[in-house]
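Visitor: no sequence for this one, just the structure:
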């Protein structure tokens, strides 16, 4: 067998090994790891890494490596219509690359992109399956309570009848909230949520939210404090802004029973900032980067199931803030030290 034929066989075997590794990759990180291992085995660069980028439009591979002596090799990784990263090989001393070598690197990048598409599709399906399971459980619980309350009403005992009515109202509200969150997430995913923008005073929206949350805070013996700079004029959708801050404020009240919650709003240069701070149960540091992910419940109190919900509220808030051109961040010093949510809108 000639050297050229031997090289072709070796390249084919290398590609097959790479495909096998990709088939076993369950996350995007594992896909990138497999790509870097394959690159290192075949070309032995002094350094190799993936440069993460995200471009809305995938461009032709205009910077594909050309045969010759190279110190740096960069090839784009495409996922669907986007460029999500670049494979980078670096040499301290220029390294010789043949046309076959350049083609093999491009194949590695292309297979990496296909594998990323596969992993993300599987992850999306897994999240949908988790949503169905969680929704089934959460939606069933209020219905069971309502059925029990209806049985008590039929008993005709006045005291139990009053408690039964209260139970029905409480669980119906919980049911409506869960259903609305599910519908909201579906609409956001399908990009069917539209903003009706107009010039408004954000303080007026915040005061309305505080007025409606105050009874909830009082029922939990939580002190609700405000400090607003007026006026705070912005271009926004009053209904969606109400939804953003109602979610944040009720979330803080929910996790700070017998505590304090403060909401402040101020204008600093060209940025409008609203902070919702509580002294409640707090969040572990390793959970903070994931707090705005759908279905993620970062608050883990000792009574783990006390707070319920599907973990969709903060994900919805993040999307609605982004639709207004703003950003949201969460800070916590850890369990028992409360949480601070900061929403910023550019003027």
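Guide: Received it, and whenever you're ready, just let me know what you need. Here the structure is a predicted model, which is why all the values come from computation and not from measurement.
Visitor: wouldn't residue 90 be in contact with residue 48 here?
Guide: Yes. Under the criterion of C-beta atoms under 8 Å, residue 90 makes contact with residue 48 at 7.2 Å. Where C-beta positions appear, they are placed from N, C-alpha and C, glycine not excepted.
Visitor: tell me which of these two has more neighbours.
Guide: Neighbours were tallied for residue 90 and for residue 48 using other C-beta atoms under 10 Å; the higher tally belongs to residue 48 (19 against 15).
Visitor: which residues sit in contact with the more buried one?
Guide: 36, 39, 40, 87, 88, 89, 90 (C-beta atoms under 8 Å, 6 or more residues apart in numbering).
Visitor: report pLDDT for the first one.
Guide: So that's residue 36. Reading off the confidence values, residue 36 has pLDDT 89.
Visitor: touching the helix or strand harbouring it from outside, list them.
Guide: Here residue 36 sits within helix 28-43, counting by DSSP states H and E. With contact meaning C-beta under 8 Å, 6+ apart, helix 28-43 is reached by 14, 17-18, 21-22, 24-25, 45, 48-50, 77, 85, 87, 89, 95, 101, 104-105, 108-109, 111-112, 115-116, 119-120.
Visitor: buried ones only from the contacts of residue 48, please, as a PyMOL command.
Guide: Filtering the contacts of residue 48 down to the buried ones (16 or more other C-beta atoms under 10 Å) takes a single PyMOL command:
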select buried, resi 36+39+87+88+89
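Visitor: now the contacts of residue 48 in JSON lines, with distance to residue 142?
Guide: As requested, the contacts of residue 48 are exported to JSON lines (distance: C-beta to C-beta, whole Å):
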{"residue": "36", "distance to residue 142": "49"}
{"residue": "39", "distance to residue 142": "53"}
{"residue": "40", "distance to residue 142": "55"}
{"residue": "87", "distance to residue 142": "51"}
{"residue": "88", "distance to residue 142": "53"}
{"residue": "89", "distance to residue 142": "57"}
{"residue": "90", "distance to residue 142": "58"}
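Visitor: elements contacting the top helix by length along the chain?
Guide: Identified as the longest helix of the chain according to DSSP state H is helix 99-155. Of the remaining helices and strands, those touching helix 99-155 by 3 or more C-beta pairs under 8 Å, 6 or more residues apart in numbering; DSSP states H and E are helix 3-24, helix 28-43, strand 68-79, strand 82-97, helix 158-189.
Visitor: could you give the average pLDDT over it?
Guide: Averaged over helix 99-155, pLDDT sits at 77.
Visitor: tell me how this protein divides into domains.
Guide: 3-122, 126-189, 198-346 (automatic domain parsing).
Visitor: quick one: mean pLDDT over the last one.
Guide: Per-residue pLDDT values over domain 198-346 give a mean of 86.
Visitor: so how far is residue 163 from residue 219?
Guide: Using C-beta to C-beta, to the nearest Å, residue 219 is found at 16 Å from residue 163.
Visitor: who's more crowded, those two?
Guide: Each of residue 219 and residue 163 had its neighbours counted (other C-beta under 10 Å), and the higher figure belongs to residue 163 (14 against 10).
Visitor: find the nearest non-adjacent residue to the more buried one, please.
Guide: Closest residue in space to residue 163, ignoring its immediate chain neighbours: residue 152 at 7.2 Å, by C-beta to C-beta, 6 or more residues apart in numbering.
Visitor: that neighbour: neighbouring residues, count only.
Guide: Neighbours around residue 152, by other C-beta under 10 Å: 18.
Visitor: isn't it right up against residue 162?
Guide: No. Contact criterion C-beta under 8 Å: residue 152 and residue 162 do not qualify, at 9.7 Å.
Visitor: which residues touch residue 71?
Guide: Contact partners of residue 71, counting by C-beta under 8 Å, 6+ apart, are 90, 91, 92, 93, 94, 95.
Visitor: tell me how far stretch 81-98 is from the chain's mean position?
Guide: Taking C-alpha atoms, centre = their mean, to the nearest Å, one finds the center of stretch 81-98 at 31 Å from the center of the full chain.
Visitor: before we move on, what about stretch 99-113?
Guide: 32 Å.
Visitor: so how far is residue 143 from residue 162?
Guide: Distance, residue 162 to residue 143, by C-beta to C-beta: 21 Å.
Visitor: and if you look at residue 118?
Guide: 38 Å.
Visitor: with residue 111 instead?
Guide: According to C-beta to C-beta, residue 111 and residue 143 sit 48 Å apart.
Visitor: who has more neighbours, these two?
Guide: Using other C-beta under 10 Å, the more surrounded residue of residue 111 and residue 143 is residue 111, with 20 against 12.
Visitor: just to check, the more buried one is in contact with residue 18?
Guide: Yes. With contacts counted by C-beta under 8 Å, residue 111 reaches residue 18, the gap being 6.4 Å.
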